[in-house]
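> Got a sequence here, can you model it:
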Amino acid sequence: MPYERLVLGLWIVAVVSCATVTAKPVQGPDGTPHILIECKKSQARCIEEAGRQCPNGYNVADSGGYSGTAIVPYGSTFVGAPVYRGTLLIKCR
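As a prediction, this is how the structure comes out:
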């Protein structure tokens, strides 16, 4: 039973800290095409995706993010797992 709790706890930590990046075209504040990038784990993931989306460079129209800690069960106790969610609104050059 303790082993199963350990595996479950590690699985939850892995899911919570999973690095995911999405990019979708949106209309920017000036009415022109922009790309909204949303990322988990670190702002660096957003910046890397911006480089892939705009190989000739980009301008940042807006950015934001927050970080914190998710509390997940680990056996008979709880542990903290770091959480980050960020956004980057860019316009390709």
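
> make it CA atoms for all contacts and neighbour counts henceforth
Noted.

> I'd assumed Ser63 was in contact with Leu89.
Yes. Using CA atoms under 8 Å, Leu89 is in contact with Ser63, at 6.0 Å.

> Same drill for the two, tell me which one is more crowded.
Between Leu89 and Ser63, counted using other CA atoms under 10 Å, the more crowded position is Leu89 (24 against 15).

> Quick one, grab the pLDDT at the more buried one.
In this prediction, Leu89 carries a pLDDT score of 97.

> My reading is that it lies in a strand. Confirm?
Yes. Counting by DSSP: H, G, I helix; E, B strand; the rest coil, Leu89 is located in a strand.

> wait, what's in contact with it?
Gly28, His34, Ile35, Leu36, Ile37, Val60, Ala61, Asp62, Ser63 (CA atoms under 8 Å, 6 or more residues apart in numbering).

> what does Ile35 give?
Ala23, Lys24, Pro25, Val26, Gln27, Gly28, Leu89, Ile90, Lys91.

> any idea how far it is from Tyr74?
Noted for Ile35: a distance of 39 Å to Tyr74, by CA to CA, to the nearest Å.

> partners of the helix or strand harbouring Val72 in the sheet?
Using DSSP states H and E, Val72 sits within strand 58-74. Next to strand 58-74 in the sheet, as set by DSSP bridges, lie strand 77-92 (antiparallel).

> List the buried residues in the partner strand.
Val83, Tyr84, Arg85, Gly86, Thr87, Leu88, Leu89, Ile90, Lys91, Cys92 (16 or more other CA atoms under 10 Å).

> dump the residue contacts of the third one.
Taking CA under 8 Å, 6+ apart as the definition of contact, the neighbours of Arg85 are Glu38, Cys39, Lys40, Lys41, Ser42, Gln43, Gly65, Tyr66, Ser67.
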